[in-house]
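>>> need a structure here:
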Amino acid sequence: MEKYRRDGLPEAKLGRVNRYSGKFKIEDTILQQEVFGMDPNRDWMRMLQVGDCYFRTGTHAAFAETLNERGTQRYEIKGEVRQLIEYLPAGTTGEFQLTIPETHRSLIARKEPTLFRATSQILNLPALFKLIHDHSLRLLDDEIAFFDEADLPSEAEGLSDFLADLRATAKGFSDNECLLRLGFGTGYRNMTGDWVKDLIFDDGLYDDIASATRRTPKYNHMPLPKSRKIMFDGVMMGFVKLTF
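Numbering: from 1, shown residues only. Modelled structure (predicted):
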């Protein structure tokens, strides 16, 4: 994706024009094939093998609230979508196996050579952890800035402190550690749907992509995402620390 960082992604990589209606339709198939490989046998993500993670504790259950934007920088708790969820309590530890088989790397490099340039860094755990951690810190910075002037309800009064404390802790991680965001209620910014945001310099094009992801056009004038799942007065779920 480095080749698109200077000029942004061309529209042809993000969709196609419908032959009948003449309207541009958001469709990332072409971009995914270019970035990850033409098919599963050529997908470089096959190099990354992640095993099951086992935890030595039981799960808990609590209600997750939806912090929903009501107007510009004004939020409310949307009571009708309150949801009982199962979660692992903070401080829980577990173990899993993460491997990058050399045989897979060689196979994919041979089948899809365009994905590997001579100057590319070979994928390894230190490089992977740095990518994950840098991305998570950027997301935290964005969330902190986003809620800086927000009018939050009492049920979310701890949100700003939670984000700031988490970022301060993550900044002190060692090279063999990273912060990863996953799990329920993480919001659009933390999912694959928004992984090209920083490569798109055309605000109009990004607005088109945002509109294509919404269930209804009535929210098109609002930020994406317009809501977050929170617990315990402002805790966002799904942050985990990985160590190798």
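>>> Can you identify the element that follows the longest helix along the chain toward the C-terminus?
Longest helix in the chain by number of residues, with DSSP state H as the criterion: helix 125-146. The C-terminal neighbour of helix 125-146 among helices and strands, as given by DSSP states H and E, is helix 159-171.
>>> what's the spacing between the strand or helix carrying residue 85 and its chain's center?
Secondary structure assigned from DSSP H and E places residue 85 in strand 83-87. Distance of strand 83-87 from the chain centroid (C-alpha atoms, centre = their mean, to the nearest Å) equals 21 Å.
>>> Now do the buried residues in the longest strand along the chain.
Looking across the chain with DSSP state E, the single longest strand is strand 60-71. Neighbour-count burial for strand 60-71 flags 64, 65, 66, 67, 68, 69 (criterion: 16 or more other C-beta atoms under 10 Å). For every residue, glycine as well, the C-beta is placed using N, CA and C.
>>> which residues sit against stretch 222-238?
Outside stretch 222-238, the residues within contact range by C-beta atoms under 8 Å, 6 or more residues apart in numbering are 62-69, 78, 83, 85, 87, 143, 146, 152, 154-163, 181-190, 194, 210, 213-214, 219.
>>> Do me a favour and get the end-to-end distance for that stretch?
With C-alpha to C-alpha, to the nearest Å as the measure, stretch 222-238 spans 24 Å from end to end.
>>> what does stretch 46-66 give?
One end of stretch 46-66 to the other measures 35 Å (C-alpha to C-alpha).
>>> next one: stretch 24-31
Stretch 24-31 stretches 15 Å from its first residue to its last (C-alpha to C-alpha).
>>> Report the mean confidence score over it.
For stretch 24-31, mean pLDDT rounds to 80.
>>> on that earlier part again, sheet-wise, list the partners of the strand holding residue 85 with their directions.
In the sheet containing strand 83-87, its partner strands are strand 60-71 (antiparallel), by DSSP bridges.
>>> continuing past the partner strand, what's the next helix or strand?
Moving toward the C-terminus from strand 60-71, the next helix or strand (DSSP H and E) is strand 74-77.
>>> quick one on the thing from earlier: C-terminal to the strand holding residue 85, what's the next element?
Per DSSP H and E, the first helix or strand lying C-terminal to strand 83-87 is strand 94-95.
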